[in-house]
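Trainee: With the sequence up front, the predicted model follows.
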There are 2 protein chains.
Amino acid sequence: MKDLDTAELARLTGLPASTLRYYEEKGLIVSIGRRGLKRLFDPSVVDRLSLIALGRAAGFSLDEIGGMFAPDGEPRIDRDQLTEKAEDIDRTIGRLTAMRDGLRHAAECRAPTHMECPTFRRLMRVAARGGLGHPRQMPQSRPELPPLRGGASTARADS
Amino acid sequence: MKDLDTAELARLTGLPASTLRYYEEKGLIVSIGRRGLKRLFDPSVVDRLSLIALGRAAGFSLDEIGGMFAPDGEPRIDRDQLTEKAEDIDRTIGRLTAMRDGLRHAAECRAPTHMECPTFRRLMRVAARGGLGHPRQMPQSRPELPPLRGGASTARADS
DNA sequence: CTGCCACCTCAAGTCAACTTGAGGTCAAGC
DNA sequence: GCTTGACCTCAAGTTGACTTGAGGTGGCAG
């Protein structure tokens, strides 16, 4: 496949060009040259960007993701790191499940005010102790999906 | 119970004094007066702070939480809002579960490199399409729990 | 009465991951 | 050859929830 410029890569991945420039600046992707001012990317960066997206979705920071690539560019993903993250997520799922059930109860509870519902008050108490944590912000409800890439001829990211 | 000043409230709730000031500035809590410079709080703000903590844990923003109190200070929580948030969380749980299972597989997978594991590549593809989303940041792994309040000797609050 | 120091105010800084904007450049089409 | 405009650079802005820091004040122990 032919090398890609920023606009083509943006179209293929759905990422804004500004993000691609930012990722390059951070060293997450590498351009292999220029045509005039325009960056040229090897088609393999599409895969790399998928991997970055996966890392982000798993909750890794960009810096952590950067550490998952060997200097030669090959992904070197520590299996222990994955296991640890899986356990992290598992704990999060537990917290969220408790939260979801508590909210559902509170929504259906017939107590005149929430403050009189024992379940709700128990939930409040746990939250106050930090037992449900809110490290930065819950995920949830993005208003919109990114613009679907792959205009007419459906160029696929998979090789 | 006697009225509380900022330091006492901080000790009771485990929240830093700066956070309490910030919450007051945002209108989330109200001080009922001053003794000299010091704010005085009604003991009921402890409950209110628990409610705020619960809201945060559920993923509501401070502004949203602010909207859950009637002008008279009574919580007026919309049950539909709770249901909606519960569904939000439920969707998040679904995404996280897929993520966790995918990571676990990848951690155990015997393919020589992750890029050769079909499961891993499928996960990558879904992430690249935004199917797993990462609205801001996954929760997960806070380094430490907040200082347990109620301790006799540890009275740390302001800088 | 004096001094201490916990608490105050207000502005600015932090963090992460980007986005935005002003101003510049150059390959390509006419 | 000249215009066009997509892409470039670099600095600064955004968001949310706080924290930090400099400089001020007043209740209370001595």
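Mentor: Here it is on my side, so go on. Numbers count the residues shown, from 1 in each chain, chains lettered A, B, ... in the order given.
Trainee: Contact partners for A:H114?
Mentor: A:A106, A:F120, B:P75, B:I77 (C-beta atoms under 8 Å, 6 or more residues apart in numbering or on different chains). For every residue, glycine as well, the C-beta is placed using N, CA and C.
Trainee: pLDDT value on the closest residue to DNA strand C within chain A, please?
Mentor: Nearest to DNA strand C, among the residues of chain A, is A:G36, at 2.6 Å (C-beta to the nearest atom of the strand). The model reports A:G36 with a pLDDT of 95.
Trainee: What are the phi and psi values at it?
Mentor: Main-chain dihedrals, A:G36, degrees, to the nearest 10: phi 70, psi -120.
Trainee: Burial check on it, number of neighbours?
Mentor: 5 (other C-beta atoms under 10 Å in any protein chain shown).
Trainee: Report the separation between it and B:G36.
Mentor: 68 Å (C-beta to C-beta, to the nearest Å).
Trainee: for chain A, longest helix please?
Mentor: Selection of the longest helix in chain A by residue count, based on DSSP state H, yields helix A:79-108.
Trainee: do it and chain B meet?
Mentor: Yes - using C-beta under 8 Å from any C-beta of the partner chain, helix A:79-108 reaches chain B at A:79-80, A:82-83, A:85-86, A:88-93, A:95-97, A:99-100, A:103-104, A:106-108.
Trainee: From those, list the buried ones, please.
Mentor: Buried subset of the residues of helix A:79-108 next to chain B (neighbour count, 16 or more other C-beta atoms under 10 Å in any protein chain shown): A:82, A:85-86, A:88-90, A:92-93, A:95-96, A:99-100, A:103-104, A:106-107.
Trainee: Close to DNA strand C: what parts of chain A are there?
Mentor: Chain A comes close to DNA strand C at residues A:P16, A:S18, A:T19, A:R21, A:Y22, A:R35, A:G36, A:L37, A:R56, A:S61, A:L62, A:D63, as judged by C-beta under 7 Å from any atom of the strand.
Trainee: From the residues you listed, list just the buried residues.
Mentor: Among the residues of chain A next to DNA strand C, those classed as buried by 16+ other C-beta under 10 Å are A:R56.
Trainee: near chain B, which of the residues of chain A next to DNA strand C show up?
Mentor: Of the residues of chain A next to DNA strand C, the ones that also sit near chain B (C-beta under 8 Å from any C-beta) are A:R56.
Trainee: For the residues of chain A next to DNA strand C, give me TSV that also has secondary structure and distance to DNA strand D.
Mentor: Shown next, in TSV, are those (DSSP: H, G, I helix; E, B strand; the rest coil; distance: C-beta to the nearest atom of the strand, whole Å):
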residue	secondary structure	distance to DNA strand D
A:P16	coil	11
A:S18	helix	8
A:T19	helix	11
A:R21	helix	5
A:Y22	helix	8
A:R35	strand	9
A:G36	coil	8
A:L37	coil	4
A:R56	helix	16
A:S61	coil	14
A:L62	helix	14
A:D63	helix	16
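Trainee: taking the residues of chain A next to DNA strand C as a set, which two sit the farthest apart in space?
Mentor: Farthest-apart pair in the residues of chain A next to DNA strand C is A:G36 and A:S61; separation 33.8 Å (C-beta to C-beta).
Trainee: pLDDT weak spots in chain A?
Mentor: Low-confidence segments of chain A (pLDDT under 70): A:1, A:135-159.
Trainee: Quick check on the residue of chain A lying at maximal distance from its centre: phi, psi?
Mentor: Within chain A, A:P112 marks the point farthest from the mean C-alpha position, 40.3 Å out by C-alpha atoms, centre = their mean. Main-chain torsions, A:P112, degrees, to the nearest 10: phi -60, psi -40.
Trainee: Contact partners for it?
Mentor: Here A:P112 is in contact with no residue (C-beta under 8 Å, 6+ apart).
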